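In: Just to be clear, the model below is a prediction. Sequence and coordinates:
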Amino acid sequence: MRVLLDESLPRRLAAQLEGVSAETVVDRGWSGLKNGELLRTAAEEFDAFLTADQSLPHQQNISSFALRIVVLAGRTNRLEDLLPLIPAALAELTRLSEGEFGVDKTESTKRRHPNKQILQKEASWSCALRARASHWSAAESRIR
C-alpha cells in the first residue's frame, strides 16, 4: 500500500510506517496545494492519505476521492504523541475502502492546560478583586 503523509504530520513519521510505502507531501514537492487539489493529485498515485487535519472530513467530500484517509488525532502533532496511534492507523487503513475515512485518537486528545482549575480560580479572584476595587473607588469618591 502506498501512503502519503500530509504536511501537518512530522516527516520522520514516514519511517515508522512498517509494511507500507510512505512518502510525504513535502518530499513529493506538493507543499502548498489546497486540500481538494492535494487529494485529487494523491489519488492518482497513492492508496491512502494520513493527516492530522481533523477538519478535513468536514471540508471535503471524502467519498469523491479514491483514497483511504486516516486522521491522526494525537495530543499534539509531535512524533512522540503520534507514535502510539500508528498500529491502529495501519489497521484502519487496511479496514477502510476507497473514499472512506477514519479517525484514530489518543486517550488525551484534548489540549488542556495542566493547571486549568487554578487558572479558573485565579480568574474569579481577579474579577472579585476588580469588583471590590471598583466599589472602594466609588465609596471613596462619595466621601470626598
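Out: That came in fine, so what should we check first? Residues are numbered from 1 along each chain as shown.
In: Could you tell me which residues make contact with the residue nearest the centre of the chain?
Out: Per C-alpha atoms, centre = their mean, the C-alpha nearest to the average position across the chain is that of residue 52, at 4.1 Å. Counting by C-beta atoms under 8 Å, 6 or more residues apart in numbering, residue 52 touches 6, 8-9, 71-74, 77, 82. (C-beta placed from N, C-alpha, C; glycine too.)
In: want to throw these into a markdown table with secondary structure?
Out: As requested, the contacts of residue 52 are exported to a markdown table (DSSP: H, G, I helix; E, B strand; the rest coil):
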| residue | secondary structure |
| --- | --- |
| 6 | coil |
| 8 | coil |
| 9 | coil |
| 71 | strand |
| 72 | strand |
| 73 | strand |
| 74 | coil |
| 77 | coil |
| 82 | helix |
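In: so which of the residues you listed would you say is closest to residue 102?
Out: residue 71 (7.2 Å; C-beta to C-beta).
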